[in-house]
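> Here is my input; please provide its structure:
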Amino acid sequence: MPPKTQIVDITNDVNYEKYLYKCLAPAPFRRYSRRHEYLVKAIPKGLRKKLLISEGKVVGQIEYAPAEASGYPIVGNNIIVMNCIWVLRRAKGHSFGKLLIEDMIRSEKNADGFATVALENHWSPWLRKWQMEKLGFMPLDRVDVSDKARHREIVFSIYLMWMPTKKSAELPSLDKQKILWGETFCFSHPLYRPQTWKETIFDAKTRF
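As a prediction, the model looks like this:
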């Protein structure tokens, strides 16, 4: 760990409550209902949110949970699903992303493996496939989709990513029908479905 750098678990720390709701996105803090509902259900089941603080400033974060408490429709036995990892661009070059991953693995040492999603050809700079691969994940499955609300002309891929930590680990699976509904656990997420949207937010472009 570099000098003056620490990883802090803020899951139940009221002093960092705003980061449970707004993360590092440049958006005002508010306890919006869908996020609150998710936290109420997921925290007792093992959800963890951690911040990476360097030189007194929050520059990175990671959020993860057992599959049954994940924000994604990922199914697996004894696996941890990473909802999000984010390091600010101004803090790159210090391997902070790897530090967050290593802390997650160390904290969840009894898990058989770790899963997440990654995007390719999406207009957002977050959760890109090459970034997840650089952190140690490998692709297992994918679905190609387009967004019904934004940039409908762009077809992008949602990947199921996997990082086993035990040889006996069973492969996880992605519920492709449910992923078409998008995510509601974070309004800054690239796959977020607005509260006013009452149907699937994505059109599948591949058969499954």
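> From now on I want contacts and neighbour counts done on CA atoms only, so please keep to that.
Noted.
> Quick check: buried residues in the helix or strand of the chain with the lowest mean pLDDT?
Across the helices and strands of the chain, the lowest-confidence element by mean pLDDT, DSSP states H and E is helix 17-21, at a mean of 89. Buried residues in helix 17-21, counting neighbours by 16 or more other CA atoms under 10 Å, are found at 19-21.
> need the next SSE after it, C-terminal direction.
Counting by DSSP states H and E, the next helix or strand C-terminal to helix 17-21 is helix 33-42.
> Pull the distance from that following helix to the chain's centre.
A distance of 15 Å separates the centroid of the chain from that of helix 33-42, by CA atoms, centre = their mean, to the nearest Å.
> hmm, who's touching it?
With contact meaning CA atoms under 8 Å, 6 or more residues apart in numbering, helix 33-42 is reached by 21, 47, 65, 69-71, 184-186.
> Same list, the buried residues of helix 17-21, but as a markdown table with distance to residue 102 please.
Shown next, in a markdown table, are the buried residues of helix 17-21 (distance: CA to CA, whole Å):
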| residue | distance to residue 102 |
| --- | --- |
| 19 | 21 |
| 20 | 21 |
| 21 | 24 |
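> Not counting the least confident helix or strand of the chain itself, show me its contacts.
10-11, 29-32, 35-36, 49, 186.
> Please pick the buried ones from those.
Among those, those that count as buried by neighbour count (16+ other CA under 10 Å) are 10-11, 35-36, 49, 186.
> Next, format the residues you listed as CSV and append pLDDT.
Below are the buried ones among the contacts of helix 17-21 laid out as CSV (pLDDT from 0 to 100):
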residue, pLDDT
10, 96
11, 96
35, 92
36, 92
49, 97
186, 91
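> Can you add distance to residue 158 and give the residues you listed back as CSV?
Converted to CSV, these look like this (distance: CA to CA, whole Å):
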residue, distance to residue 158
10, 29
11, 27
35, 22
36, 25
49, 23
186, 17
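> of all those residues, which comes closest to residue 78?
residue 49 (19.0 Å; CA to CA).
> Can you verify the closest one is assigned to a strand?
Yes: using DSSP: H, G, I helix; E, B strand; the rest coil, the assignment for residue 49 is a strand.
> which non-adjacent residue is nearest it?
residue 63 (4.4 Å; CA to CA, 6 or more residues apart in numbering).
> wait, isn't the one you found in contact with residue 84?
Yes: contact criterion CA atoms under 8 Å: residue 63 and residue 84 qualify, at 5.2 Å.
> For those two, indicate the residue with more neighbours.
residue 63 (23 against 19; other CA atoms under 10 Å).
> After the one helix or strand the more buried one maps to, which helix or strand is next? Please name it.
Assigning secondary structure by DSSP H and E places residue 63 in strand 57-66. Next helix or strand after strand 57-66 toward the C-terminus (DSSP H and E): strand 74-75.
> Report the strands that pair with that next one, each with its relative direction.
Using DSSP bridges, strand 74-75 pairs in its sheet with strand 173-174 (antiparallel).
> Now do the longest helix along the chain: which elements does it pack against?
When the chain is parsed with DSSP state H, its longest helix is helix 96-107. Packing contacts for helix 96-107, counted by 3 or more CA pairs under 8 Å, 6 or more residues apart in numbering; DSSP states H and E, involve strand 57-66, strand 79-87.
> Much appreciated, bye for now.
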